[in-house]
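Peer 1: Fold the following, please.
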Amino acid sequence: QVQLVESGGGLVQAGDSLRLSCVTSGRTFSNYNMGWFRQAPGKERDFVAAISRTGISIYYADSVKGRFTISRDNAKNTVYLQMSSLKPEDTAVYYCAASTIIRPLDSIKSNAWQYWGQGTQVTVSS
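Peer 2: Numbering: from 1, shown residues only. Here you go, the predicted structure:
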């Protein structure tokens with residue numbers, strides 16, 4: 001079992017930047033592929049980004065490509081999501097996810113991930 005705790009959300013204006021963090025505990029962090037999803041009110045939970053255990057493989061949703069950057073620090077048991085040029089449509093609860101085994105094509109599917117954090121709210125005003 002692994003526990004995930006997100007932080008860094010908040011209220012920002014369009015065009016601003018924000019960095020989310022997800023700290024894990026309970027198991028060896030480097031054994032887990034890590035991902036970020038988001039869910040806006042009344043909508044499904046959507047894939048944002050994913051990073052492999054070593055950090056070599058990284059995937060982004062088209063909607064955030066070029067604006068968001070996922071990274072990890074295995075020494076700190078932490079995965080980050082650096083968000084830039086934020087838009088009102090980025091407003092959502094952002095969730096961190098972890099999985100020991102996940103195929104790249106499955107990384108966009110929320111039901112493919114084993115563990116989830118509680119989420120952190122990001123609100124972007126226009």
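Peer 1: In contact with the residue of the chain positioned farthest from its centre, which residues?
Peer 2: Each residue of the chain has a distance to the centre, and by C-alpha atoms, centre = their mean the biggest one is for Ser126: 22.7 Å. Remark: with contacts taken as C-beta atoms under 8 Å, 6 or more residues apart in numbering, Ser126 is in contact with 13-14, 88. Glycine gets a C-beta too; all of them are placed from N, C-alpha and C.
Peer 1: can you give me the strands for this structure?
Peer 2: Remark: strands assigned in the chain by DSSP state E are 3-7, 10-13, 18-25, 33-39, 45-51, 58-60, 68-73, 78-83, 92-99, 115-116, 120-125.
Peer 1: Between those strands, which one is closest to Ser107.
Peer 2: strand 45-51 (4.2 Å; C-beta to C-beta).
Peer 1: helices and strands around the closest one, which ones?
Peer 2: strand 33-39, strand 58-60, strand 68-73, strand 78-83, strand 92-99 (3 or more C-beta pairs under 8 Å, 6 or more residues apart in numbering; DSSP states H and E).
Peer 1: Show me what the third one pairs with in its sheet, parallel or antiparallel.
Peer 2: I take that to be strand 68-73. strand 78-83 (antiparallel) (DSSP bridges).
Peer 1: which residues touch the partner strand?
Peer 2: With C-beta under 8 Å, 6+ apart as the test, strand 78-83 has contacts from 17-24, 29, 34, 36, 48-49, 51, 64, 67-73, 90, 94, 96, 122.
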